[in-house]
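Participant: Here is my input; please provide its structure:
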Amino acid sequence: MDRNVWIRFIGESINGIAFMMLLPFLALYLKDRVDHVWEVGIVMGVSPLASVIGTMIGGRLADIYGRKPLMVGSMAGNAVVMLGFVWLDDFWSFVILSLFLGFFNSLFHPAASAMVADVTAPDKRTEAFGLLRMGHNIGAAIGPLLGASVVIFSKSVIFMISAASMFFYALIVMIWIKESLPKKEKSRSVEKKEEEKLPSPFQIILRDKLLFVFIITGVVISMSFTQTEGMLPLHFDQTLPNLTDAQNPYTYMLAFNGLLVVLFQFPISRWAGNRAIGRVMLYGCVLFSFGLLAVGWLPQAFYALNTNYLTLLLVFLVIYGIYTLGEMLMSPVQMTFVANLAPENLRGTYMGAAGLQWILGGVTGPLIGGILLEYGLGNILFTILGIGCVIAGIVYLSLDRWVENRQKTETKLQAEISAAK
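Facilitator: Modelled structure (predicted):
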């Protein structure tokens, strides 16, 4: 792997520990400071709305000015936002902070993903994206357990630690990451004209129908992630009222998820890199769906049967292990699909456009989840998402075949042009 990838791996690990200290308790932290559960859904749902602006300009700016400036600025901005959650303490302040959080996040990811694609050969991209997920999940394995210890004293300390880690990550990128924007020999005037011609993510989506279908299909996957990463602790809080915040199984499930990714993501990504992308995504979606259905319905059954805590926790860990396997199969391959689909000069823009699936799902997921959880209908929520993920997997399988046919057509056309010359 290129040096940039390894440096990002280290940064993702450090940042992941701090952020994942916060994640299991974010919804519970907000619930204690607002009047209704649906307000928690609004706070968590508005973040992706601001991502629309960041995605529209972030990928394009990364293709014009480089990957590094966008990565540094976005991480520094996120650090300031984290401190805002400590300083401010009302619903509307949380809404504004969430908007800024979504904006800065959306600037980072297209630039960072494009950088990985720049420095990695096509046949190694799934491994590279898998390595970065492993780094993030080192944080997921350690962070929640540290958070469970710190939260006993103060939830605010977790925000401060997250802010410090993001500033540190920004410094790592600033000092050690090398700019990877592909350079071409051309005059300043020609360069300026080409920059002006670069299409926006919306133009890319309208122009590339395969990318459009990929994004629409990915919305249900995104909605599922927003529920398991944000609203699932509230579902457990409602369906298992006999447990304290420290006993909420989500904390331990999240740590187990991170541990599994650390141990198995890289070999799974290597295995997946040699197989058809569509088929791998289908397998991932089916396993993902099973996990969603199980966490939706089992808590009520366990509470009704008065299941002891250790048995309950072990069963949820097994279920989340299956869910995590689906996640490990699906996530890096999705990024590879977009990287392979994108022309070299538009990688940042394509990554930004693909990020719209996370924006759409990130907005609708918490809002719908907040409303259904307000009425205690978490099982219905996770059932709908589970069925949707299976359908998404079938569409991904078809998409891969369409891409293969398009590539064959383009190769044949290029051969005919070469023969004519």
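Participant: SS state for the residue lying closest to Tyr65 once chain neighbours are set aside?
Facilitator: The spatially closest residue to Tyr65, leaving aside those adjacent along the chain, is Leu181, at 7.9 Å (C-beta to C-beta, 6 or more residues apart in numbering). In this view, the C-beta of every residue, glycine as well, is placed from N, C-alpha and C. Following DSSP: H, G, I helix; E, B strand; the rest coil, the label given to Leu181 is coil.
Participant: And for Pro199?
Facilitator: Per three-state DSSP, Pro199 ends up coil.
Participant: Could you do Phe159 as well?
Facilitator: Phe159 ends up helix, using three-state DSSP.
Participant: Low-confidence bits of the stretch 151-300 of the chain, can you list those?
Facilitator: 151-155, 184-198, 200-201 (pLDDT under 70).
Participant: hang on, the earlier thing: what is the burial count for the residue nearest to Tyr65?
Facilitator: By the measure other C-beta atoms under 10 Å, the count of residues near Leu181 is 18.
Participant: Contacts only, for it.
Facilitator: By C-beta atoms under 8 Å, 6 or more residues apart in numbering, the residues touching Leu181 are Ala62, Asp63, Tyr65, Gly66, Arg67, Asp118.
Participant: Give me the helices and strands touching the helix or strand containing Gly11, please.
Facilitator: Element membership for Gly11 (DSSP states H and E) is helix 3-31. Judged by 3 or more C-beta pairs under 8 Å, 6 or more residues apart in numbering; DSSP states H and E, helix 3-31 is in contact with helix 37-65, helix 91-119, helix 125-150, helix 156-176, helix 232-239, helix 249-273.
Participant: what does the fourth one contact?
Facilitator: With contact meaning C-beta under 8 Å, 6+ apart, helix 156-176 is reached by 7-8, 10-11, 14-15, 17-19, 21-22, 25, 68, 71-72, 75-76, 78-80, 82-83, 85-86, 147, 150-151.
Participant: Going by neighbour count, which of the residues you listed are buried?
Facilitator: 7-8, 11, 14-15, 17-19, 21-22, 25, 68, 71-72, 75-76, 78-79, 82-83, 85-86, 147, 150-151 (16 or more other C-beta atoms under 10 Å).
Participant: Quick check: Gly139 touching Phe19?
Facilitator: Yes - between Gly139 and Phe19 a contact is recorded at 6.4 Å, counting by C-beta atoms under 8 Å.
Participant: From what I see, Glu12 and His136 are in contact.
Facilitator: Yes - counting by C-beta under 8 Å, Glu12 does reach His136; the two are 4.7 Å apart.
Participant: Which residue ranges of the stretch 201-350 of the chain form helices?
Facilitator: 201-207, 209-226, 232-239, 249-273, 277-304, 309-341, 347-354 (DSSP state H, counting those that start in this stretch).
Participant: What is the fourth one packed up against?
Facilitator: Think helix 249-273. helix 3-31, helix 125-150, helix 232-239, helix 309-341.
Participant: among those helices, which is nearest Gln300?
Facilitator: helix 232-239 (5.2 Å; C-beta to C-beta).
Participant: what helices or strands is that closest one leaning on?
Facilitator: Applying 3+ C-beta pairs under 8 Å, 6+ apart, we find helix 232-239 packed against helix 3-31, helix 249-273, helix 277-304, helix 356-374, helix 378-420.
Participant: Among those helices, which comes closest to Phe337?
Facilitator: Among the helices and strands packed on helix 232-239, helix 277-304 sits nearest to Phe337 (C-beta to C-beta), with 5.4 Å.
Participant: Now Asp237: closest residue in space that isn't a chain neighbour?
Facilitator: Nearest to Asp237 is Asn248, by C-beta to C-beta, 6+ apart, at 6.6 Å.
Participant: I'd assumed Leu234 was in contact with the one you found.
Facilitator: No - contact criterion C-beta under 8 Å: Asn248 and Leu234 do not qualify, at 9.6 Å.
Participant: who's more crowded, the two?
Facilitator: Leu234 (24 against 20).
Participant: which residues sit in contact with that one?
Facilitator: Ala27, Leu28, Lys31, Val37, Val40, Leu373, Gly378.
Participant: redo that, cut-off 7 Å
Facilitator: Shown in contact with Leu234 (C-beta atoms under 7 Å, 6 or more residues apart in numbering): Ala27, Lys31, Val37, Leu373.
Participant: Look up how far Trp38 lies from it.
Facilitator: Applying C-beta to C-beta, to the nearest Å, the value for Leu234 to Trp38 is 11 Å.
Participant: repeat for Glu327
Facilitator: Glu327 is 27 Å from Trp38, by C-beta to C-beta.
Participant: Compare the two and say which is more crowded by neighbours.
Facilitator: Glu327 (25 against 19).
Participant: quick one, what contacts the more buried one?
Facilitator: Gly284, Phe288.
Participant: mind checking how far it is from Asn137?
Facilitator: 10 Å.
Participant: which of the helices and strands packed on helix 249-273 has the lowest average pLDDT?
Facilitator: In terms of mean pLDDT, the lowest-scoring of the helices and strands packed on helix 249-273 is helix 125-150 (a mean of 75).
Participant: Could you give me the buried positions within it?
Facilitator: 125-148, 150.
Participant: helices or strands up against it?
Facilitator: For helix 125-150, the elements it packs on are helix 3-31, helix 91-119, helix 156-176, helix 249-273, helix 309-341, judged by 3 or more C-beta pairs under 7 Å, 6 or more residues apart in numbering; DSSP states H and E.
Participant: and the ones you listed as JSON lines, adding distance to Leu287?
Facilitator: Formatted as JSON lines, those follow (distance: least, C-beta to C-beta, whole Å):
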{"stretch": "helix 3-31", "distance to Leu287": "22"}
{"stretch": "helix 91-119", "distance to Leu287": "24"}
{"stretch": "helix 156-176", "distance to Leu287": "30"}
{"stretch": "helix 249-273", "distance to Leu287": "12"}
{"stretch": "helix 309-341", "distance to Leu287": "3"}
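Participant: So which of the ones you listed is nearest Ser47?
Facilitator: Ranking the helices and strands packed on helix 125-150 by their distance to Ser47 (criterion: C-beta to C-beta) puts helix 91-119 first, at 3.4 Å.
Participant: got the angle for the closest one vs helix 356-374?
Facilitator: Angle of helix 91-119 versus helix 356-374, following axes from the mean of the first three to the mean of the last three C-alpha atoms, to 10 degrees, is 150 degrees.
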